[in-house]
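# Show me the folded form of this:
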Amino acid sequence: MISAVRTCFRKYITFSGRAPRSEFWYFILFLFLAFLVLGALDLFLFGEWNALTNQYESGGVIPGLFFLACLLPWLAVTWRRMHDSGLGGYWPFVVWILSSILTGMFIFMAASIATNTTGDAALASLIPLVLGGVSGFAVHPINIYLLCRRSTPGMNAYGPHPDHDPGMAMEDVFE
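Alright, predicted model coming up:
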């Protein structure tokens with residue numbers, strides 16, 4: 001895991017080449033665990049009690065700074081992960097953008113219905129709102145599928161397999 005994270009930070013803005021599944025998913029695991037720890041630290045250092053919600057709240061300064069520091073490495077390793085499976089690096093982002101547009105359209109429809117109707121007819125605004133939420137979440141299985149695809153063995157349009165040793169037989173190359 002440490003070498004995968006080190007590789008992702010070393011290739012901070014490298015969008016060319018390939019990243020094996022292990023490198024990508026270990027980096028995602030690192031980000032998840034780091035956000036948990038930094039969120040708890042932020043709450044401990046900057047949190048204050050909100051009597052209205054009856055819970056501690058913080059501004060999220062530390063996780064926010066960490067997010068900014070890790071945004072480019074995350075984008076780069078995602079791009080390289082797509083290259084490893086033989087796809088263009090833009091595919092997950094196309095899916096996210098289309099989903100965002102679709103979700104936005106449904107939310108706009110819901111707001112339009114809600115402001116132009118009253119009473120029970122205003123409940124009709126829930127239908128596009130629910131459809132917008134569903135379309136927003138429907139993108140995640142597509143992207144997980146794209147990011148979990150097997151590596152293209154040997155060379156592909158984006159370079160050699162990242163774990164390939166020229167002296168090793170292709171049957172011995174594992175992710």
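# from here on, contacts and neighbour counts on C-alpha atoms
Will do.
# so where's this protein uncertain?
Confidence mapping of the chain against pLDDT under 70 gives the ranges 113-125, 164-175.
# Helices of that one, start to end?
Using DSSP state H, the helices found in the chain span residues 2-10, 21-46, 61-84, 91-116, 126-148.
# of those helices, which approaches Ala157 most closely?
For these, proximity to Ala157 was assessed by Cα to Cα; helix 61-84 is nearest, at 8.0 Å.
# ok so, going back, out of the helices of the chain, nearest to Asn54?
Going through the helices of the chain one by one, with Cα to Cα as the measure, helix 21-46 comes closest at 14.6 Å.
# Tell me what angle that closest one forms with helix 61-84.
Orientation check (axes from the mean of the first three to the mean of the last three Cα atoms, to 10 degrees): helix 21-46 against helix 61-84 gives 170 degrees.
# quick one: helix 21-46 to chain centroid distance?
Centroid separation for helix 21-46 versus its chain: 13 Å, with Cα atoms, centre = their mean, to the nearest Å.
# helices or strands up against it?
helix 2-10, helix 61-84 (3 or more Cα pairs under 8 Å, 6 or more residues apart in numbering; DSSP states H and E).
# at 10 Å what do you get?
Contacts of helix 21-46 with other secondary structure elements, assessed using 3 or more Cα pairs under 10 Å, 6 or more residues apart in numbering; DSSP states H and E, are made with helix 2-10, strand 55-57, helix 61-84, helix 126-148.
# Point out the most buried one among the ones you listed.
Most buried of these, by mean neighbour count (mean count of other Cα atoms under 10 Å): helix 61-84, with a mean of 20.
# that older thread, of all the helices of the chain, which one is nearest Gln55?
The stretch from the helices of the chain with the least distance to Gln55 (Cα to Cα) is helix 21-46; that distance is 10.9 Å.
# quick one: buried residues of that closest one?
For helix 21-46, burial by neighbour count (16 or more other Cα atoms under 10 Å) applies to 21, 23-28, 30-31, 35, 38-40, 42-43.
# Which one of those is nearest to Gly154?
Arg21 (15.0 Å).
# so what's that closest one up against?
By Cα atoms under 10 Å, 6 or more residues apart in numbering, Arg21 lies in contact with 27, 77-78, 80-82, 84-85, 147-151, 175.
# any idea how far Trp79 is from it?
Here the criterion is Cα to Cα, to the nearest Å. By it, Arg21 lies 12 Å from Trp79.
# Let me know how buried Trp91 is, in neighbour terms.
The burial metric for Trp91, expressed as a neighbour count using other Cα atoms under 10 Å, is 16.
# ok, Gly88 touching Leu147?
No: in this structure Gly88 lies outside contact range of Leu147 using Cα atoms under 10 Å: 11.8 Å.
# list residues touching both of these two?
If you check Gly88 and Leu147 against Cα under 10 Å, 6+ apart, the residues they both contact are 79, 81-82.
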